[in-house]
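Trainee: below: sequence and its predicted model.
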Amino acid sequence: MGQNGGVTLIVLLVVAALAWASLVIGGPLLPDAITGPLYAASALICHQRPERSLFLNGAQLPVCARCTAIYVGVALGALRAGARAGGPASLPVDALTGSLRRARVALLIAAVPTILSVAGEWVGVLPSSNVLRAVAGVPLGVALGVVVVRVLAASRRGPAPMA
C-alpha cells in the first residue's frame, strides 16, 4: 500500500472510530430517524440489557456499559496512534506492535481487566456494577485502537518483523 493510501486508511479508521463512539454516547439525544437504525444495529452486537447499560438524559445508550467503554477506548486509542502514525515513514514501529507477538500480548494484557470483571461477576466475587464494567473495558478498547492503527501504519512502511 502506498504511503498516502495508508495515511488515508488510518484517517478513515480514526474518523470511523470517533463517529461510532459519538453515536453510541449521543444515541439518546439523536432524532428518531437515526436512533431507530442505530439501536437496531447495536442489538446485533450487544445484548442491550437495561440493568447493564448506561443512561443519558433518562434514555438507555444503544450498547451496554462494557461495550460503550470499549468503543470509546477504541476511538481514543486510534486517535492517539493515528496522530503518531502520520509522521515520516522512517519512524520505527513502536514497541506495542513491533511484532505480531507483541501486539497479541498487548491485547491479552489489555483484556485482563475485562476478563477478570466478567469472571468475577460469574462466580459472584465482584459486584455487578456498570462503572466497573466500563472501567474494565477501556484498556481493551484503547489497545485495540492503538494496535489496529499501528499495524496499518507499519504496513505502509513495509512488513513488520514476525517474532
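Mentor: Structure's in. What do you need?
Trainee: which intervals of the chain have sub-threshold pLDDT?
Mentor: For the chain, residues meeting the criterion pLDDT under 70 lie at 1-6, 85-98, 156-163.
Trainee: could you rerun that using 80?
Mentor: For the chain, the stretches with pLDDT under 80 are 1-7, 84-100, 128, 154-163.
Trainee: and the helices in it?
Mentor: According to DSSP state H, the chain carries its helices in the segments 3-26, 32-43, 65-85, 100-123, 130-157.
Trainee: and for the closest residue to Val138 other than its chain neighbours, the neighbour number?
Mentor: Taking CB to CB, 6 or more residues apart in numbering as the measure, Val138 lies nearest to Gly73, with 4.4 Å between them; neighbours along the chain are not counted. Every C-beta, even on glycine, is put in place using the N, C-alpha and C of the backbone. Neighbour count of Gly73, defined by other CB atoms under 10 Å: 24.
Trainee: Ser117 versus Gly73, what's the distance?
Mentor: Between Gly73 and Ser117 the distance is 14 Å, computed by CB to CB, to the nearest Å.
Trainee: same check on Val146?
Mentor: Using CB to CB, we find Val146 at a distance of 21 Å from Ser117.
Trainee: just Pro62 next, same as before
Mentor: The spacing between Pro62 and Ser117, counted by CB to CB, is 21 Å.
Trainee: these two: which is more packed in?
Mentor: A side-by-side neighbour count of Pro62 and Ser117, using other CB under 10 Å, places Pro62 first with 26 against 20.
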